[in-house]
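Enquirer: Structure for this input, please:
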Amino acid sequence: MTSTIERPAPVATPPTREPRRLGFGRSRRSAWDLKLSPYLYISPFFILFAITGLFPIAYT
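Expert: Predicted structure coming up:
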């Protein structure tokens, strides 16, 4: 025994778009910030290392 059920017509879906991101967006500032921020976070270590490690070695 077979039954024929009509399928509903496909509903047109709206075009997909990128999800919104919080922040500055795609500006030059954000790209610059992404490239520079890791160096800013690690720079205190290098400054303290230069003061406590390299300066005494160079001074002697």
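Enquirer: how far is the biggest helix by length in the chain from where the chain is centred?
Expert: In the chain, taking DSSP state H as the definition, the longest helix is helix 28-49. How far helix 28-49 lies from its chain's middle: 14 Å, per C-alpha atoms, centre = their mean, to the nearest Å.
Enquirer: same question for that helix, mean pLDDT?
Expert: Helix 28-49 shows a mean pLDDT of 87 in the predicted model.
Enquirer: What's the first helix or strand after it?
Expert: Once helix 28-49 ends, the next helix or strand along the chain (criterion: DSSP states H and E) is helix 55-59.
Enquirer: Packing partners of that next one?
Expert: Helices and strands touching helix 55-59, by 3 or more C-beta pairs under 8 Å, 6 or more residues apart in numbering; DSSP states H and E: there are none. Heads up, the C-betas are built off the backbone N, CA and C, glycines and all.
Enquirer: if I look at the most centrally placed residue in the chain, how far off is Tyr59?
Expert: Central residue of the chain (C-alpha atoms, centre = their mean): Leu34, 7.3 Å from the mean position. The gap separating Leu34 from Tyr59 is 38 Å, by C-beta to C-beta, to the nearest Å.
Enquirer: again with Thr4
Expert: Distance, Thr4 to Tyr59, by C-beta to C-beta: 93 Å.
Enquirer: same check, this time on Ile47
Expert: Taking C-beta to C-beta as the measure, Ile47 and Tyr59 are separated by 17 Å.
Enquirer: In terms of packing, which of the two has more residues around it?
Expert: Comparing Ile47 with Tyr59 by other C-beta atoms under 10 Å, the one with more neighbours is Ile47, at 10 against 6.
Enquirer: which residues sit in contact with that one?
Expert: Counting by C-beta atoms under 8 Å, 6 or more residues apart in numbering, Ile47 makes contact with nothing.
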